[in-house]
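1. Got a sequence here, can you model it:
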Amino acid sequence: METKKEVNPIDYWYQKYLKEKLTWEDVKILFKIADNYESELNRPKYLTQDYCQEILNRFNYQRKK
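-> Numbers count the residues shown, from 1 in each chain. Below you'll find the predicted structure:
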């Protein structure tokens, strides 16, 4: 008879959080993406919702590669 291993809810959510946590390498990538995007715009960066959303979209795309 096979027994199911009980999962502690706290451990489950702690592991889930750790899995989604950004690293310093991720932040470095974000800065590079922001610098490149700023160059594409040919103007200083403005921390608008659209600007930040575009950086996040590019980061998520690159992260999936």
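2. List the buried residues in whichever strand or helix holds Ile29.
-> Using DSSP states H and E, Ile29 sits within helix 24-41. Neighbour counts over helix 24-41 (16 or more other CB atoms under 10 Å) mark 29-30, 33-34 as buried. Every C-beta, even on glycine, is put in place using the N, C-alpha and C of the backbone.
3. Stretch 58-65 now?
-> Neighbour counts over stretch 58-65 (16+ other CB under 10 Å) mark 58-59 as buried.
4. avg pLDDT for stretch 25-34?
-> Throughout stretch 25-34, pLDDT has a mean value of 88.
5. what residue ranges in this structure score low on pLDDT?
-> 1-5, 7, 13-20, 44-45 (pLDDT under 70).
6. tell me what the strand or helix carrying Cys52 is packed against?
-> Per DSSP H and E: Cys52 is located in helix 49-64. Applying 3 or more CB pairs under 8 Å, 6 or more residues apart in numbering; DSSP states H and E, one finds that helix 49-64 makes contact with helix 24-41.
7. just the angle between the helix it packs on and helix 49-64, please?
-> 130 degrees (axes from the mean of the first three to the mean of the last three CA atoms, to 10 degrees).
8. Return the list of helices and strands in contact with helix 24-41.
-> Under the contact criterion of 3+ CB pairs under 8 Å, 6+ apart, helix 24-41 touches helix 49-64.
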